[in-house]
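Novice: coords please:
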Amino acid sequence: MKMLVVIVQSKDSNRLRKALTAANIRMTQLSTTGGFLREGNATFLIGVEDARVQDVLDVIKKNAKSREQYLSSQMHDVEGGSAFPVNVRVGGATVFVLPVDRFIKF
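Specialist: Numbering: from 1, shown residues only. Below you'll find the predicted structure:
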């Protein structure tokens, strides 16, 4: 058995939750605000048998999209003028696949 800890941006969480549910994958969702780049995040905790790990990863990959976003940088141009925009890639998913030593349900 494995425990997947999946961190996505909030704007991807509804789509991912619906896709996981449609694939009969049970999960617990935790939401936070003000994460990286002041965007909200959602963390999914998913416990699955080893044989289903790749299925879950496939669903996550299809539903947690990365995208480009422009932000104001803290750096200024040479003359000390206004900050200039910086293009960064955000979104997608950060996934930790952890072994489960024991699974107990009360």
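Novice: and the strands in this protein?
Specialist: Per DSSP state E, the chain carries strands over the ranges 2-9, 28-32, 41-48, 66-76, 83-91, 93-99.
Novice: average pLDDT across the longest one?
Specialist: Pointing back at strand 66-76 there. For strand 66-76, the mean pLDDT works out to 65.
Novice: what of stretch 94-106?
Specialist: Mean predicted lDDT for stretch 94-106 stands at 94.
Novice: span of that stretch from start to end?
Specialist: For stretch 94-106, the separation between the terminal residues is 30 Å (Cα to Cα, to the nearest Å).
Novice: buried set for that stretch?
Specialist: Neighbour-count burial for stretch 94-106, counted by 16 or more other Cβ atoms under 10 Å, picks out Val95. Quick note: C-beta positions are derived from backbone N, CA and C, even for glycine.
Novice: Gln29 against Ala42, yeah?
Specialist: Yes. In this structure, Gln29 is within contact of Ala42 by Cβ atoms under 8 Å, at 5.7 Å.
Novice: tell me which of the two has more neighbours.
Specialist: Under the criterion of other Cβ atoms under 10 Å, the comparison of Gln29 against Ala42 puts Ala42 first, with 21 against 16.
Novice: is the more buried one in a bridge, and if so with what?
Specialist: Listed beta-bridge partners, Ala42: Val8, Ser31 (assigned using DSSP bridges).
Novice: on that earlier part again, joint contacts of Gln29 and Ala42?
Specialist: Taking Cβ atoms under 8 Å, 6 or more residues apart in numbering as the contact rule, Gln29 and Ala42 both touch Ser13.
Novice: which outside residues touch stretch 97-104?
Specialist: Stretch 97-104 is contacted by residues Met1, Lys2, Met3, Leu4, Val5, Gly47, Val53 when judged by Cβ under 8 Å, 6+ apart.
Novice: I am finished for the moment; much appreciated.
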